[in-house]
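A.B. asks: give the three-dimensional model of this entry:
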Amino acid sequence: MKEISVKELKQLIADKKDFQLIDVREEYEFDEANINGELIPMGEIMDNVDKISKDKQVVVHCRSGKRSATVIGALESQFGFTNLYNLTGGILAYLEDK
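C.D. replies: Below you'll find the model as predicted:
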């Protein structure tokens, strides 16, 4: 599984790169803190595969990186995605890195 660091993600955002950011946390977690990702909770991801780009880099994140890793593994094995990156440490690492 490919990973992306917080520093690399922040660089993508700063450079205004064309990528998709998906947050697989629950809505209440998203409401507490979000980094402008598209909210598709883990339990709904398989019903929303059509919302995930296959043509550009897609960064998937959750709270700590565990749920997003699980989601990426499932999407890669069941749907053949090759462009997914797990945010190392999740939003907790993102918020820590000032």
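A.B. asks: tell me who's in contact with the spatially most central residue of the chain.
C.D. replies: Note on the chain: the residue nearest the mean C-alpha position is residue 60, at 1.2 Å, using Cα atoms, centre = their mean. Each residue near residue 60 by Cβ atoms under 8 Å, 6 or more residues apart in numbering is listed here: 22, 24, 68, 71-72, 84-87. Yep, even glycine has a C-beta here, placed from its N, CA and C like the rest.
A.B. asks: in its sheet, what does the helix or strand it falls within sit against?
C.D. replies: For residue 60, the element it lies in under DSSP states H and E is strand 58-61. If you go by DSSP bridges, strand 58-61 pairs up with strand 20-23 (parallel), strand 84-87 (parallel).
A.B. asks: what mean pLDDT does the first one have?
C.D. replies: Looking back up the chat, that one is strand 20-23. In this model, strand 20-23 carries a mean pLDDT of 98.
A.B. asks: could I have that strand exported to PDB, CA atoms only?
C.D. replies: Extracted as PDB, the C-alpha positions of strand 20-23 are listed here (Å, rounded to 0.1, in the frame of the first residue of the first chain):
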ATOM      1  CA  GLN A  20      -8.800  13.900  -4.500                       C
ATOM      2  CA  LEU A  21      -9.000  13.800  -0.700                       C
ATOM      3  CA  ILE A  22     -11.400  11.300   0.900                       C
ATOM      4  CA  ASP A  23     -12.200  11.200   4.600                       C
END
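A.B. asks: on that earlier part again, leaving out sequence neighbours, find the closest residue to the residue nearest to the centre of the chain.
C.D. replies: Nearest residue to residue 60, sequence neighbours excluded (Cβ to Cβ, 6 or more residues apart in numbering): residue 68, at 4.4 Å.
A.B. asks: same deal with residue 92?
C.D. replies: Distance criterion Cβ to Cβ, 6+ apart; nearest residue to residue 92, sequence neighbours excluded, is residue 64 at 5.6 Å.
A.B. asks: before we move on, the earlier item: name the next helix or strand downstream of the strand holding residue 60, please.
C.D. replies: Once strand 58-61 ends, the next helix or strand along the chain (criterion: DSSP H and E) is helix 66-79.
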